[in-house]
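> missing the sequence, but the structure's below:
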């Protein structure tokens, strides 16, 4: 494929066959690793078309930008289009912040995601995974995404925050709209994309703000109680900050883990020899298998940064104020960073993937929890649904931001 013919901004590129997109990124890595792309003007978007962006497609360049937030900042937005600052903070919380604001927010909320806290959630994760399989085991078939993969992270996040089970479906539906608004299944009228986004974000935020007000001064041991009653140098989260953080947590923690599990199941079915290696020695192989699933899936395709000063990458001059987009999916297939990156290898080591956003201050806060959820879910599947097979092509999300699978049929020996 000719790298000059690739247009990462065109919507049709992101609904093209996966093999075609992989070939395009391979061409960019080879011949145009820091290419400039014009932004797309969407017909119903109220936002003016932006000035364009540089696409980083090499693993080393993504690491460089991630490790140097003083040169490549997040505070001007992490989505490609320029959005009003309030919009960025409302939907992105701390991922759209720079220090010191980012550091303050992360210090307050990180207490819920330490290894010690993740260990405390272990039994909860086990029980939820067991219940998910209990609900489907006698059916012999289901939609793997909606009936298995999506339920675990959604349940865990809601349990962590103290959200009752009666609200789980509501949270699931709103996160689908926020990250899938460009897909007709979730928003069928393009003119309604922005209004629907705002409505879903506002409703998720209100859910947590209302809960936070109940927990303030009357804690019940959940993460919401910890966050609203926590003080760091006399500082507390405001209601609005709590609501925005939950929008980020619900979207990032739900969508990314469910897509990693879904892509992982498809890869294991497509590569039965790799599945056998893991099933035959689950605990020994799990650490490398989970990392390979995250690399293979790369649930978040990209994040944007903005240059704070004139700089240069691979001889390409980048001026202060210009946009730089880190394409993690391409970095995770970089031939210079991985031996045979096109192979799915559950024993791959080393595996310095950027599936959790790369190094630096914006590395995924929930990475430890995601790893535990993926591990526990596959242990439960291998033990209780050992012959589960994907029986049809995945129905993929139409998105240039999330590498999502909406539906995927599967079957196994019932009971």
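Looks like it arrived, so ask away. Source: prediction; values computed, not measured.

> In three-state terms, label residue 203 for me.
For residue 203, the assignment made with DSSP: H, G, I helix; E, B strand; the rest coil gives helix.

> Return the residues in contact with it.
Contact analysis of residue 203 by C-beta atoms under 8 Å, 6 or more residues apart in numbering lists 170, 174. Every C-beta, even on glycine, is put in place using the N, C-alpha and C of the backbone.

> Could you report the separation of it from residue 177?
For residue 203, the distance to residue 177 equals 10 Å [C-beta to C-beta, to the nearest Å].

> Could you do residue 132 as well?
Taken as C-beta to C-beta, the span from residue 132 to residue 177 is 23 Å.

> Could you do residue 34 as well?
34 Å.

> Tell me who's in contact with residue 264.
Contacts were defined as C-beta under 8 Å, 6+ apart; by that measure residue 264 touches 293, 296-297, 374, 378.

> Need those in JSON lines (columns: secondary structure).
Shown next, in JSON lines, are these (three-state DSSP):
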{"residue": "293", "secondary structure": "helix"}
{"residue": "296", "secondary structure": "helix"}
{"residue": "297", "secondary structure": "helix"}
{"residue": "374", "secondary structure": "helix"}
{"residue": "378", "secondary structure": "helix"}
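
> Next, count neighbours for residue 294.
26 (other C-beta atoms under 10 Å).

> correction: residue 157
25.

> Report the distance from the helix or strand where it lies to the chain centre.
Using DSSP states H and E, residue 157 maps to helix 151-161. On the basis of C-alpha atoms, centre = their mean, to the nearest Å, helix 151-161 sits 15 Å off its chain's mean C-alpha point.

> now swap in stretch 250-258 and tell me
6 Å.

> And the contacts of that stretch?
For stretch 250-258, using C-beta under 8 Å, 6+ apart, the contacting residues are 91, 95, 145, 149-150, 152-154, 156-157, 171-172, 174-175, 178-179, 204, 299-300, 364, 366, 369-370, 373-374, 402, 404.

> The residue positioned nearest the centre of the chain: helix or strand, and which one exactly?
With distances taken as C-alpha atoms, centre = their mean, the chain has residue 256 as the residue nearest its mean C-alpha position (3.4 Å). Taking DSSP H and E as the definition, one finds residue 256 inside helix 239-270.

> Next SSE downstream of that helix?
Criterion used, DSSP H and E; the element after helix 239-270 is helix 272-280.

> List the buried residues in that next one.
Residues 274-275, 277-279 are the ones in helix 272-280 that count as buried (16 or more other C-beta atoms under 10 Å).

> So what does residue 389 look like in phi/psi?
phi -130, psi 140 (degrees, to the nearest 10).

> got a list of what it touches?
Residue 389 sits next to 269, 410-412 when contact means C-beta under 8 Å, 6+ apart.

> mind listing the helices for the stretch 101-250 of the chain?
In the stretch 101-250 of the chain, the helices defined using DSSP state H, counting those that start in this stretch lie at 101-109, 115-120, 122-136, 144, 151-161, 168-180, 193-215, 223-229, 239-270.

> Dump these into a markdown table; add distance to residue 342 and mean pLDDT as well.
Formatted as a markdown table, those follow (distance: least, C-beta to C-beta, whole Å; pLDDT from 0 to 100):
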| stretch | distance to residue 342 | mean pLDDT |
| --- | --- | --- |
| helix 101-109 | 35 | 87 |
| helix 115-120 | 32 | 78 |
| helix 122-136 | 31 | 95 |
| helix 144 | 24 | 98 |
| helix 151-161 | 28 | 93 |
| helix 168-180 | 27 | 91 |
| helix 193-215 | 34 | 92 |
| helix 223-229 | 39 | 88 |
| helix 239-270 | 12 | 92 |
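
> any chance of those in CSV, with distance to residue 326 too?
Formatted as CSV, these follow (distance: least, C-beta to C-beta, whole Å):
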stretch, distance to residue 326
helix 101-109, 17
helix 115-120, 26
helix 122-136, 30
helix 144, 29
helix 151-161, 23
helix 168-180, 18
helix 193-215, 23
helix 223-229, 29
helix 239-270, 16
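
> between those helices, which gets nearest to residue 39?
helix 193-215 (16.3 Å; C-beta to C-beta).

> Give me the buried positions along that closest one.
Of all the residues in helix 193-215, those buried under the rule 16+ other C-beta under 10 Å are 193-194, 196-197, 200-201, 204-205, 207-209, 211-212, 215.
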